[in-house]
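Novice: model the structure of this input:
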Amino acid sequence: MKKQAMTIITAGRRKRWRRWIIMNSLLGLLSIVLCCAMLLLGNTIYTLEEVIGALSGEASDGASFAVTTIRLPRMLAGLFAGFAFGIAGNTFQTMLRNPLANPDILGITSGSSVAALFCILVLQTSDTTASIASVISGLGTAALIYILSRGSSFAVGRLIIVGIGIQAMLTAVISYLLMEGAREDLPTALQWLNGSLNGAQMDALLPLFLTVAVCAPVVLALGKHLSTLELGEQSAFSLGLNTDKTRVLLIVSSVCMIALAASVTGPISFVAFLSGPIAKRLAGSGSSNALPAGLVGVNLVLGADLIGQFAFDVRFPAGIITGVLGAPFLLYLLIRMNRKGSL
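Specialist: Presented below is the predicted three-dimensional model:
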């Protein structure tokens, strides 16, 4: 009987692992297809040979300029920002055991946005300074939310309520900055707020590349501990996990990725919110969803940008498309949680 039970458990584990591998492979393949489409499509459609020639420096000046100066930075911005939004959003949702507990709703994204907008509209600083200010502000916002919600013990519900309050306050600050900013800077600020890959440049992408390269492996390595935190504070502590240290590492890594991604592309709405639940539906719950959530984020950003560019007569930024997709899902989730008594 015991041997039969072990056989069933092992078979189930292999089945879940096989599903996880297959879905990650498919998501990765779709990401590659979308990356290629970002390089091939535009006002002029180039062949794959022409794109390869442009990347290797052997194509004509027109193709080389379009591919390497405009399309490649745009594609890389969507690739790394999408992965950062997806993996960070899933981290918060899993760690806090609530699909509403993502950086957008908690106010962390708005915290980064306030600093970036202040640099754009008031100080008129360089992109590097805006990125640094965005990270510092995002970390400060996360620390403030954590401290205010801590109390005598950590409580997820209290953290979400505090985060929503901070989000409302920061949204008011953003509105004030937009009203008081110089008129000539408002188009740039509004485009940034809507979440767009337009105007991405290779120089501004380097901090995002380095941050994702450092922080994403930390989150992936802590995937097992993240699943343990999902069991609850007491259960995780009883299993020997240093919950405070693990939570701080996960929060700092996730906030750094969110802040740098937002400083480059703007706060592309609902990507951090949608990636985790979609990844969980696709890859299942047997293994860490950090990697599939990151890949889902990549596909959402790149797919939304392509739809915004070519599906309509007017071109829309990626954030508009993801907002249209994410808003109905948020309403559905709220209704579902209300029926279950989770709200």
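Novice: do a quick rundown of the helices in the stretch 151-300 of the chain.
Specialist: 156-180, 186-194, 202-221, 223-229, 233-238, 243-265, 271-283, 290-310 (DSSP state H, counting those that start in this stretch).
Novice: which of the ones you listed sits closest to Thr128?
Specialist: helix 202-221 (7.1 Å; Cβ to Cβ). The way it works is simple: take the backbone N, C-alpha and C, and place the C-beta from them, glycine included.
Novice: name the helices or strands packed onto that closest one?
Specialist: helix 72-95, helix 127-150, helix 243-265, helix 290-310 (3 or more Cβ pairs under 8 Å, 6 or more residues apart in numbering; DSSP states H and E).
Novice: flag every buried residue along it.
Specialist: Judged by neighbour count (16 or more other Cβ atoms under 10 Å), helix 202-221 contains these buried residues: Ala204, Leu205, Pro207, Leu208, Phe209, Thr211, Val212, Cys215, Ala216, Val219.
Novice: okay, these in JSON lines with pLDDT and distance to Ala84 next?
Specialist: Converted to JSON lines, the buried residues of helix 202-221 look like this (pLDDT from 0 to 100; distance: Cβ to Cβ, whole Å):
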{"residue": "Ala204", "pLDDT": "80", "distance to Ala84": "14"}
{"residue": "Leu205", "pLDDT": "87", "distance to Ala84": "12"}
{"residue": "Pro207", "pLDDT": "86", "distance to Ala84": "12"}
{"residue": "Leu208", "pLDDT": "89", "distance to Ala84": "7"}
{"residue": "Phe209", "pLDDT": "92", "distance to Ala84": "10"}
{"residue": "Thr211", "pLDDT": "91", "distance to Ala84": "8"}
{"residue": "Val212", "pLDDT": "93", "distance to Ala84": "5"}
{"residue": "Cys215", "pLDDT": "93", "distance to Ala84": "8"}
{"residue": "Ala216", "pLDDT": "92", "distance to Ala84": "8"}
{"residue": "Val219", "pLDDT": "91", "distance to Ala84": "10"}
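Novice: Asn289 and Ala279 touch, don't they?
Specialist: Yes. At 4.7 Å, Asn289 counts as touching Ala279 under the criterion of Cβ atoms under 8 Å.
Novice: between those two, which is the more surrounded one?
Specialist: Asn289 (30 against 27; other Cβ atoms under 10 Å).
Novice: could I get stretch 167-176 in CSV with only the CA atoms?
Specialist: In CSV, the C-alpha atoms belonging to stretch 167-176 read as follows (Å, rounded to 0.1, in the frame of the first residue of the first chain):
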residue,chain,number,x,y,z
GLN,A,167,-1.2,54.3,-4.1
ALA,A,168,-4.0,56.9,-3.9
MET,A,169,-1.7,59.4,-2.3
LEU,A,170,1.0,58.9,-5.0
THR,A,171,-1.5,59.1,-7.8
ALA,A,172,-2.5,62.6,-6.5
VAL,A,173,1.2,63.6,-6.5
ILE,A,174,1.5,62.4,-10.1
SER,A,175,-1.6,64.5,-11.1
TYR,A,176,-0.1,67.5,-9.4
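Novice: now do the buried residues in that stretch.
Specialist: Here stretch 167-176 shows Gln167, Leu170, Ile174 as buried, counting by 16+ other Cβ under 10 Å.
Novice: and which of those is nearest to Leu333?
Specialist: For the buried residues of stretch 167-176, the nearest to Leu333 is Gln167 (17.0 Å; Cβ to Cβ).
Novice: find the residue closest to the closest one in space, skipping its chain neighbours.
Specialist: Gly107 (3.4 Å; Cβ to Cβ, 6 or more residues apart in numbering).
Novice: for that neighbour, give me its contacts.
Specialist: Shown in contact with Gly107 (Cβ atoms under 8 Å, 6 or more residues apart in numbering): Thr141, Ile145, Gly163, Ile164, Gly165, Ile166, Gln167, Met169, Leu170.
Novice: for the helices of the stretch 151-300 of the chain, which one sits closest to Phe80?
Specialist: helix 202-221 (5.1 Å).
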